[in-house]
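J.: Output the structure for:
(chains A, B, C and D)
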Protein chains: 2
Amino acid sequence: MAVTISDVALAAGVSKGAVSYALNGQPGVSPDTRDRILKVAKDLGWKPSLRAKGLSSAKAYALGLVVARNPSLLGTDPFFPAFIAGIETALAEHDYTLVLSIATAPGAEERCYRKLVDNGRVDGVILTDVRRNDSRIPLLLELKVPAVTLNRPDTGSPFPAVSVDESAGIVAAVEHLVALGHRRIAHVGGGQEYIHGRSRRIAWEESLAGAGLISDLFAAADFTAAGGVAATADLLRRADRPTAIVYANDLMATAGQSYAQSLGLSVPGDLSITGYDNAEFTQYLNPPLTTLATDPMLWGRVSARVLLNQLAGTHDGEDTTLPAPRLVVRASTGPAPA
Amino acid sequence: MAVTISDVALAAGVSKGAVSYALNGQPGVSPDTRDRILKVAKDLGWKPSLRAKGLSSAKAYALGLVVARNPSLLGTDPFFPAFIAGIETALAEHDYTLVLSIATAPGAEERCYRKLVDNGRVDGVILTDVRRNDSRIPLLLELKVPAVTLNRPDTGSPFPAVSVDESAGIVAAVEHLVALGHRRIAHVGGGQEYIHGRSRRIAWEESLAGAGLISDLFAAADFTAAGGVAATADLLRRADRPTAIVYANDLMATAGQSYAQSLGLSVPGDLSITGYDNAEFTQYLNPPLTTLATDPMLWGRVSARVLLNQLAGTHDGEDTTLPAPRLVVRASTGPAPA
DNA sequence: GGAATCAACTGAACCGGTTTAGTAGTAGAC
DNA sequence: GTCTACTACTAAACCGGTTCAGTTGATTCC
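T.: Predicted structure coming up:
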């Protein structure tokens, strides 16, 4: 079978302990001996067994990510694949791996976390899609597992957060529309139970207030295409219909734009539209979508790094803030109708 | 700390071995004793340590998936999230987990597989995006790791395959266009180094031949939006320009449709377009895209099951074939121009 | 020059399971 | 009434690492 530490010890004429010390850079072996052991290990092609390491050091050498979304929304969101790719770039440097769980059923999420931790699958978890008063925070505390949250939870959380200033993005979008002469700027919100759904709405409200406009044109949705259509229909039925709609994500914006056009409205002639995420397909819409570009890959990389630092005990406990989303102006926004 | 097998043995007044036998349903304990042990274990809340199990049984209780795509394409493809969700549903039933690696750099793919296997992270892997003469087949043989492939590789592969009859989908799309009176039906192909890229092209060729048409309108692309635009431009520049284009995926179709419209062409008035995948956003395009609906979640679930059966030694060695894609007719296809 | 200190190393215990070899007790065969 | 066969169990080895408690030999100190 594979070569073990005993084989190396035997070949180098030392004890197993010495090999272990040599490999891990611990004191207890002379430089000469260390070099000799390492050379023998290399010659023999020894790969320390992660399983054995894990058993004796009680570590999994893996991080966990539980994604709780319904499968249809999952496939449309460009966030996760890029986010995960970012995580991987950080993990690759440290011989850690990512254990991914997808919880589609409602109650499955908590079970996923419990299982990952109880089974010792992971040393820490990354918490995405943080909700208001998120029940996972106390859960993770109970499970005593280190974690990182994307954005800072509203309830007290002892875990470091890696945040993006989403407000800045929405503010930029609203200011762009105001500069184009829009006065009735609506917002189709994502699920308001999510921190990011709510913060985007609040940013919309505040930036309208800053421009001296009232924020009465809000329609609640849930980040899905169908929800985006329903919310758009609601807004366009109103007497004082908006001339611009700021959507909380690209999928709703895409669906909303399509719906508005099906009513015979021109985009952006009658209605300007902005999205959020800069999904690749948005530049191929008719018209191409003005949206907010984020960097999910960076977010993934930084989150994983913060978590790894925390595991290594070298995290400073500070939150990290990533650059704000960048406004990408395309043809779905234009001057307000006269 | 956590309760171990020794605690249970002590509490039940038996040896560790007896507890192990009882738990695993092996002979060597009387029914009475077995029940007593299981009760004690339950009362104590004993969870056998996966790490210890893994060490002694040399198993990881995990499957591996290596995704090798450039990050931008990753985010746009609805396939993977749903596919992974399907894998999870199968794994959840067996206390297995999924270890996901994303290889963005070119040479990283092989390293990922080696690392997963050498480190004993996984008991088997799922091979997606199978290429012609795929170097991963010999690699996995060398690593002696069980595997499942999505679609049957062209070179001999000892691994069971889970396949979708992609030809049937393309044939349905072509027949739909022929029925609409189209005679010049082009194909924008995905990467021809992929089994599925090539088989879609061949299906296009054969179904044209079946209708007595010649298949000279082929443009190579790579499944990306940019590639789709370039290929479309190529086709539309030709003297004998097509009246319909069958794309190998939705993203290229979306980009191609947008490009054609930017030239002033009407879809479907001047040009009919079909996609492949039925990504959710395609129903919100202008016009909504006629495309082929697949079931990636089912594919994931079945692939994982086949692999798990293989690990358990209960796989029959047969390939599995899933239902063919379903043609979803929307407004991007219409009668051929006069 | 003898005690104290330290570096360098060994042997064994340990992590928490599985598995093998061995033992006691019972039942059946003849 | 012994011999065999079998059940039900235990003790210990084992998986492959880490780590603790010693041991040895050289160095330092006074």
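J.: Skipping its backbone neighbours, what lies nearest A:D240 in space?
T.: Leaving aside its sequence neighbours, A:D240 sits nearest to A:R184 (Cβ to Cβ, 6 or more residues apart in numbering or on different chains; 6.3 Å). Where you see a C-beta, it was placed from the backbone N, CA and C, and this is true even at glycine.
J.: Quick one: residues contacting that neighbour.
T.: Going by Cβ atoms under 8 Å, 6 or more residues apart in numbering or on different chains, A:R184 touches A:L213, A:L217, A:D240, A:R241, A:P242, A:T243, A:A244.
J.: any weak-confidence spans in the stretch 1-150 of chain A?
T.: The stretch 1-150 of chain A contains residues with pLDDT under 70 at A:1, A:71-72.
J.: Show the residue spans covered by the strands in it.
T.: Remark: strands assigned in the stretch 1-150 of chain A by DSSP state E, counting those that start in this stretch are A:62-67, A:97-102, A:124-127, A:147-150.
J.: what's A:A293 in contact with, if anything?
T.: Residues counted as contacts of A:A293 (Cβ under 8 Å, 6+ apart) are A:D277, A:N278, A:P325, A:R326, A:L327, A:V328.
J.: Who does the first one form a beta bridge with?
T.: Spelled out, it's A:D277. Beta-bridge pairing of A:D277 under DSSP bridges involves A:A293.
J.: Give me the neighbour count for it.
T.: 24 (other Cβ atoms under 10 Å in any protein chain shown).
J.: what sits against it?
T.: For A:D277, the contacting residues are A:D77, A:P78, A:F79, A:N249, A:D250, A:T291, A:L292, A:A293, A:T294, by Cβ under 8 Å, 6+ apart.
J.: ok, the last one - contacts?
T.: Meaning A:T294. If you count contacts by Cβ under 8 Å, 6+ apart, A:T294 has them with A:F79, A:V164, A:G169, A:Y276, A:D277, A:N278, A:P325.
J.: By neighbour count, which of these wins?
T.: Most neighbours among the contacts of A:T294, by other Cβ under 10 Å: A:Y276, with 28 neighbours.
J.: Show me what from the stretch 51-200 of chain A comes close to chain B.
T.: Selection of the stretch 51-200 of chain A residues close to chain B by Cβ under 8 Å from any Cβ of the partner chain yields A:51-52, A:54-55, A:58, A:60, A:62, A:71-72, A:74-82, A:84-85, A:88-89, A:92, A:95, A:97-102, A:104, A:108, A:115-116, A:118-121.
J.: let's see it at 7 Å
T.: Within the stretch 51-200 of chain A, the positions near chain B by Cβ under 7 Å from any Cβ of the partner chain are A:51-52, A:54-55, A:71-72, A:74-76, A:78, A:80-82, A:84-85, A:88, A:97-102, A:104, A:118-121.
J.: what's the closest non-adjacent residue to A:F218?
T.: Once flanking residues are discounted, A:F218 sits nearest to A:H187: 5.3 Å by Cβ to Cβ, 6+ apart.
J.: picking that back up, can I get the strands of the stretch 1-150 of chain A in JSON lines including distance to B:E142 and mean neighbour count?
T.: As requested, these are exported to JSON lines (distance: least, Cβ to Cβ, whole Å; neighbours: other Cβ atoms under 10 Å in any protein chain shown):
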{"stretch": "strand A:62-67", "distance to B:E142": "25", "mean neighbour count": "25"}
{"stretch": "strand A:97-102", "distance to B:E142": "21", "mean neighbour count": "24"}
{"stretch": "strand A:124-127", "distance to B:E142": "33", "mean neighbour count": "25"}
{"stretch": "strand A:147-150", "distance to B:E142": "37", "mean neighbour count": "25"}
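J.: Which among the ones you listed is found nearest to B:V178?
T.: Nearest to B:V178 among the strands of the stretch 1-150 of chain A is strand A:97-102 (40.1 Å), distances taken as Cβ to Cβ.
J.: residue contacts, the nearest residue to A:S6 once chain neighbours are set aside?
T.: With Cβ to Cβ, 6+ apart as the criterion, A:S6 has its nearest non-adjacent residue at 6.0 Å, and that residue is A:K16. By Cβ atoms under 7 Å, 6 or more residues apart in numbering or on different chains, the contact set of A:K16 is A:I5, A:S6, A:A9.
J.: Pull the number of nearby residues for the second one.
T.: So the one you mean is A:S6. Neighbours of A:S6 under the rule other Cβ under 10 Å: 11.
J.: swap in the first one?
T.: Other residues within reach of A:I5 by the criterion other Cβ under 10 Å amount to 18.
J.: didn't it look like it was pressed against A:Y21?
T.: No - in this structure A:I5 lies outside contact range of A:Y21 using Cβ atoms under 7 Å: 11.2 Å.
J.: hang on, isn't A:Q310 packed against A:V145?
T.: No - using Cβ under 7 Å, A:Q310 makes no contact with A:V145, being 10.9 Å away.
J.: what's the average pLDDT for stretch A:288-308?
T.: In this model, stretch A:288-308 has a mean pLDDT of 96.
J.: now do stretch A:329-338
T.: 96.
J.: Run through who's touching that stretch.
T.: Residues outside stretch A:329-338 that contact it (Cβ under 7 Å, 6+ apart): A:176-177, A:180-183, A:243, A:257, A:267-270, A:272-274, A:283, A:287-290.
J.: Which ChimeraX command selects the buried ones in these?
T.: Provided next is the ChimeraX selection string for whichever of the contacts of stretch A:329-338 are buried by 16 or more other Cβ atoms under 10 Å in any protein chain shown:
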select /A:176,177,180,182,243,257,267,268,270,272,273,274,283,287,288,289,290
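J.: What about the contacts of stretch A:329-338, which are in helices?
T.: Among the contacts of stretch A:329-338, DSSP state H puts A:H176, A:L177, A:Q257 in helices.
J.: Closest to DNA strand D out of those?
T.: Distance ranking of the ones in helices among the contacts of stretch A:329-338 against DNA strand D, using Cβ to the nearest atom of the strand, places A:H176 first at 55.5 Å.
J.: what residues are up against that closest one?
T.: Taking Cβ under 7 Å, 6+ apart, we find A:H176 in contact with A:L327, A:V329, A:T333.
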